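Next come a sequence and a model predicted from it.
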Amino acid sequence: MRIAGIAGALLMGGLNVASSQVLTSNLDQPALYTYCQQFQTLYTQIREQRIQPDSARMRFSAIMRGLQVRFQSMESYRVDSLQRDSLRRSGRYFAFPLRGYSTNAIGGTHGEGFRSKGFNLFDYNAKGSHPAQDIFVVDRNQDGIDDRTGQPIDILAMSSGLVVGIETGWKPGSDYRGGNWIWVYDPNLHGLFYYAHNNQVDVAPGQWVQSGQKIGEMGRTGFNAYKTRSPTHLHLMYLQIQPDGLPQPLNTYPWLLTAKTVK
Ligand SMILES: [Zn+2]
């Protein structure tokens with residue numbers, strides 16, 4: 001498992017500390033879990049409007065650059081990046097994020113549900129954009145159970161990465177739009193996947209997940225997703241982190257078209 005590799009690399013780094021210089025550089029680099037805690041805290045503050053957008057922007061950028069440096073400093077991770085790059089070229093990098101579903105479940109006919117204009121991650125009042133793809137399931141009675149199988153629908157990680165934030169406490173009546181969400185940082189792409197409206201979250205911040213691994217179960221959580229006019233779906237967003245550490249929504253539609261489907 002990747003997490004074992006990372007933990008191993010960190011442990012080795014710790015054991016190999018021989019000079020105060022190395023110690024200092026280790027202290028300058030917080031543990032991965034620290035970044036996850038910072039991300040979780042920041043995103044919650046943004047949602048609750050307890051932080052000014054400008055401050056949030058600066059903090060987000062610092063977290064993202066910190067994560068990037070942290071992963072780049074891992075010898076074992078760099079080797080794996082090469083393997084993942086070749087996997088990406090072979091078209092097997094991404095897993096379709098719903099078990100048992102494929103491209104025809106994507107909303108619209110050509111993925112036109114993606115609208116990034118007006119997007120601002122740092123201002124909870126910024127509305128109107130939909131920098132995401134919605135992927136719909138067969139759930140006519142809206143109980144969150146797949147009508148075809150009588151089972152919950154598994155949400156799968158689209159690519160391997162580090163879980164940096166989760167929400168599990170959404171309740172009907174809450175006006176939070178994402179409901180129960182999961183953020184996963186893919187250090188190979190240097191970007192963030194966001195999976196929203198889940199009924200159940202099966203991962204925790206700091207956890208490494210593999211492409212195609214179950215991370216939760218589909219639900220109808222979120223202010224709009226809970227309403228009967230909203231068919232049951234996964235809201236999938238990907239934010240490409242720019243050199244300045246700030247996020248730019250990217251349309252995942254081409255990735256979804258080539259993603260391997262998981263039965
Ligand atoms: Zn959506």
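Done, it's in. Note that this is a predicted model, so its numbers are computed, not measured.

Could you check which residue of the stretch 1-150 of the chain lies nearest the ion?
Closest residue of the stretch 1-150 of the chain to the ion, C-beta to the ion: residue 134 (4.1 Å). All C-beta spots, glycine's among them, are computed from the backbone N, C-alpha and C.

An error on my part: the question was meant for the chain.
Across the chain, no residue is closer to the ion than residue 235, which sits at 3.5 Å (C-beta to the ion).

contacting residues for that residue?
Residue 235 is in contact with 132-134, 178, 194-197, 222, 225, counting by C-beta atoms under 8 Å, 6 or more residues apart in numbering.

Repeat the analysis, applying 10 Å as the threshold.
Contacts for residue 235 were tallied using C-beta atoms under 10 Å, 6 or more residues apart in numbering; they are 107, 113, 130, 132-135, 177-179, 181, 194-198, 222, 224-225.

pLDDT score for it?
Residue 235 is assigned 98 on the pLDDT scale.

That one: helix or strand, and which one exactly?
Assigned by DSSP states H and E, residue 235 belongs to strand 233-241.

Buried by neighbour count: which residues of the following helix or strand past that strand qualify?
Later in the chain than strand 233-241, the nearest helix or strand by DSSP H and E is strand 247-250. Neighbour-count burial for strand 247-250, with 16 or more other C-beta atoms under 10 Å as criterion, is recorded at 247, 249-250.

Just the buried residues from the contacts of residue 235, in PyMOL please.
Command for PyMOL, covering only those of the contacts of residue 235 found buried under the criterion 16+ other C-beta under 10 Å:
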select buried, resi 107+113+130+132+133+134+135+177+178+179+181+194+195+196+197+198+222+225
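
Output the below-cut-off pLDDT ranges for the chain.
Of all residues in the chain, those with pLDDT under 70 make up the ranges 1-29, 79.

one more time with 80, if that's ok
1-30, 75-92 (pLDDT under 80).

now stretch 43-61: how far from the chain's centre is it?
Averaged C-alpha coordinates place stretch 43-61 at 18 Å from its chain's average position (C-alpha atoms, centre = their mean, to the nearest Å).

All good on my end, thank you.
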